[in-house]
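>>> Let's see this in three dimensions:
(chains A and B)
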Amino acid sequence: MEKRFMKGCEAIAEAAVRGGGRFFAGYPITPQNEIPEYLSWRLPEVGGAFVQGESEVASINMVYGAAATGKRALTSSSGPGISLKAEGISYLASAQLPAVIVNISRGGPGLGSIQPAQSDYLQATKALGHGGFRAMVFAPATLQEAVDLTYNAWDYAERYRNPVMILMDGCLGAIMEEVELPEMKEPTFENTEEWCLARVGGRTDSHMITPILPEPALELLNKGKAMQYKMWEMLDTKVEEFMLEDAEHVVVAYGIAARVAKEAILRLREEGYKVGMVRPITLYPFPKASLDNLDYSLVKGVIDIEMTIPAQMREDIELQVKGRCPVHEYGRSGGMLLDDEGVYDAIAEIVKGGE
Amino acid sequence: MAEYKRPSSLMPMATGYCPGCMHALATRLVADVIDELQQADNAINVVSVGCSALNLYSWKGDVIGSAHGRAPAVATGIKRCLPDRLVFTYQGDGDLAAIGLAEIMSAANRGENFTVIFANNQTYGMTGGQMAPTTLIGQKTTTTRFGRDAQTTGYPLKMCELISVLEAPVFVARYALNSVKGVQDAKKGIKKAFEMQMAGKGFTFIELLTNCPTNWGMNPLDTLEYMNTNTIPYFKPGIYKDKEAEA
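The predicted structure follows:
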């Protein structure tokens, strides 16, 4: 294992290369520019291809083309650019093509702000494009986690023949941390040769890859996807449960918000308050069981902390809490950052509310 | 005497195009050339949205459907990953010259080493005959009921002319499919474009003037004369750029 001190975006880019990524297309947008900048020189080093697209729209469609050849392809962007990619992501889902899409999120809506925010939860988990499909959404909270999740992202994308999203806010994209870089995965056509256009592995038959299907076939595709989503929930849900055993208040937070919240929880624990945290690592599939199975004879409240206003994860939380305790929310938004004091005060007010 | 048979790249079935539609002819020409170049197992057809999408079902070789206007972006991704494959897009005028204008101009400007087959029938056929970016002035469509008016809709876009001023493209040509000579020339042009691509020369662009009997509201035979008197005088056939000839 190689250790390096890296910036978030660059760590993701290097992890993508080591995970077998061999094609990138993207368009400049802050705060994710270090990803295309890094890959513009790094991919050619390993025999891959980098294209700076004329738009996010074109870039996601370049990824669609590259993915159809069985190569591991990715793109990255931020909120406004992800909206532009929405059509292409839907096509990837329809044509059953694996790809990795990185969203280094910023303040929204609109052009919003270029400062970090967790403003794209709903877009990522509910509707990455038209047509009612889902994609797995990985939300790292440390750069090591970002490296590991990116490194393995195509394994999921190829297994399920579906796009996968890495959702990380601009804070994590910009900070530097020490990361352990995994070994290079040599890309093979092992998972793609059955259906890709490349006629690899001695295959001589031709293939049609299509985002349009006759109605009965499309319904069948959607039924298959529905089953797949249930399978993800059972097999692929990732979550960190932190100090839950005796918790009387449970924070739910992901990514940067979870890091800030953890500090506040540790401080409150020192003061004798029993606070724990559920940190979704997969936002979709959402770690339902972690919240559903809480001991609600103990839990007096659940607190949703997000760097966005209003909180976007709240409905997913409420669906599991099922009215068994109050659900609170606290956040900052628009590129205004969560800070230790603000998050501590928000949680403390609820936890100490009765005093 | 050459034997007239179905190209090996086409399925043994009807194409799905309306009777008298030149899309079927254009598709056939491309398939014939691929046969002649013995590229049936090596070609990848990047199909677009519109009537051209019917190619998805008649094409026997590798074929991929793409989003409206995005075929040149999809082809870019494919060709960058598979540089040895013969890659071409098959696009109509709404797809290429309206919604996909950024993709076609940018792919051409990058000099991507694939071929674009552009079927220009001056209308949105699949959606029922709306005004296309290439609809002629005065031409009646479902969204220009009294004829296209330049005052409010501008002028028909000349794609060969636009693309030929770019530095990177190596072969840019327009052919009209309403005459035997036009068809023969078009086939030569497609072949030249594919050969240049296979030699790694760069971006090649073939515009084929076609008809739409259904949405023009015309007998297929009458479309041939209509093209002579209306389409061809505006969209002049010819070779707009040939870097091989310039060299």
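
>>> Is any residue of the helix or strand where residue A:84 lies near chain B?
Under the criterion of DSSP states H and E, residue A:84 resides in helix A:79-95. Yes: using C-beta under 8 Å from any C-beta of the partner chain, helix A:79-95 reaches chain B at A:87-88, A:91, A:95. Bear in mind the C-beta positions are built from the backbone N, C-alpha and C, glycine included.

>>> For these, pick the one with the most neighbours.
Highest neighbour count within those: residue A:88, with 30 neighbours (other C-beta atoms under 10 Å in any protein chain shown).

>>> What about whatever residue of chain B ends up closest to chain A, how many residues nearby?
As assessed by C-beta to the nearest C-beta, chain A sits closest to residue B:77 within chain B, at 2.7 Å. Neighbour count of residue B:77, defined by other C-beta under 10 Å: 33.

>>> what about the closest residue to it other than its chain neighbours, how many neighbours?
With C-beta to C-beta, 6 or more residues apart in numbering or on different chains as the criterion, residue B:77 has its nearest non-adjacent residue at 2.7 Å, and that residue is residue A:65. Neighbours of residue A:65 under the rule other C-beta under 10 Å: 33.

>>> Helices of the chain, residue ranges please.
In the absence of a named chain, this looks at chain A. A:8-18, A:34-45, A:56-68, A:79-95, A:121-126, A:143-160, A:170-174, A:215-235, A:255-270, A:288-292, A:314-321, A:340-351 (DSSP state H).

>>> Correction: the question concerned chain B.
Going by DSSP H, chain B shows helices at B:22-36, B:55-58, B:71-81, B:93-94, B:101-110, B:150-153, B:159-164, B:180-198, B:213-216, B:220-226, B:232-234, B:243-246.

>>> which residues touch the residue in chain A that chain B sits nearest to?
When scored by C-beta to the nearest C-beta, chain A has residue A:65 as its residue closest to chain B, at 2.7 Å. Residues in contact with residue A:65 (C-beta atoms under 8 Å, 6 or more residues apart in numbering or on different chains) are B:46, B:64, B:66, B:73-79, B:81.

>>> before we move on, back to that, state the pLDDT value of the residue of chain B closest to chain A.
In this prediction, residue B:77 carries a pLDDT score of 98.

>>> ok, it touching residue A:63?
Yes: the pair residue B:77 and residue A:63 passes the contact test of C-beta atoms under 8 Å, sitting 6.1 Å apart.

>>> Residues in contact with both of the two, list them for me.
By C-beta under 8 Å, 6+ apart, the residues touching both residue B:77 and residue A:63 are A:23, A:25, A:73.

>>> which residues does the second one form a beta bridge with?
It refers to residue A:25. residue A:51 (DSSP bridges).

>>> just to revisit the earlier point, which of the shared contacts of residue B:77 and residue A:63 has the largest number of neighbours?
residue A:73 (34 neighbours).

>>> what's that residue in contact with, if anything?
Here residue A:73 is in contact with A:21-25, A:62-63, A:66-67, A:99-100, B:77, B:81 (criterion: C-beta under 8 Å, 6+ apart).

>>> Identify the bridge partners of it.
With DSSP bridges as the rule, residue A:73 is bridged to residue A:23.

>>> Can you read off the pLDDT for it?
Per the predicted model, pLDDT is 98 at residue A:73.

>>> what's the distance between it and residue B:74?
11 Å (C-beta to C-beta, to the nearest Å).

>>> go on, residue B:173?
Residue B:173 is 23 Å from residue B:74, by C-beta to C-beta.

>>> So for these two, which sits in the more crowded spot?
residue B:74 (34 against 24).

>>> Tell me, please, where in the chain the pLDDT is lower than the cut-off.
Chain wasn't specified; assuming chain A. A:354-355 (pLDDT under 70).

>>> ah, no, chain B please
Using pLDDT under 70, chain B drops low at B:1-2.

>>> Near chain A, which residues of it? Just list them.
So chain B meets chain A at B:41, B:44, B:46, B:53, B:56, B:59-67, B:70, B:73-82, B:85, B:102-103, B:105-106, B:110 (C-beta under 8 Å from any C-beta).

>>> end to end, how far does stretch B:78-97 reach?
With C-alpha to C-alpha, to the nearest Å as the measure, stretch B:78-97 spans 22 Å from end to end.

>>> Next, the buried residues of it.
Of the residues in stretch B:78-97, B:78-82, B:85-97 count as buried by neighbour count, 16 or more other C-beta atoms under 10 Å in any protein chain shown.

>>> sorry, back to before: report the set of residues contacting both of residue A:73 and residue B:74.
With C-beta under 8 Å, 6+ apart, residue A:73 and residue B:74 have common neighbours residue A:62.

>>> now the helices of chain B in JSON lines, with distance to residue B:137?
Converted to JSON lines, those look like this (distance: least, C-beta to C-beta, whole Å):
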{"stretch": "helix B:22-36", "distance to residue B:137": "22"}
{"stretch": "helix B:55-58", "distance to residue B:137": "30"}
{"stretch": "helix B:71-81", "distance to residue B:137": "27"}
{"stretch": "helix B:93-94", "distance to residue B:137": "15"}
{"stretch": "helix B:101-110", "distance to residue B:137": "20"}
{"stretch": "helix B:150-153", "distance to residue B:137": "5"}
{"stretch": "helix B:159-164", "distance to residue B:137": "16"}
{"stretch": "helix B:180-198", "distance to residue B:137": "23"}
{"stretch": "helix B:213-216", "distance to residue B:137": "15"}
{"stretch": "helix B:220-226", "distance to residue B:137": "14"}
{"stretch": "helix B:232-234", "distance to residue B:137": "8"}
{"stretch": "helix B:243-246", "distance to residue B:137": "32"}
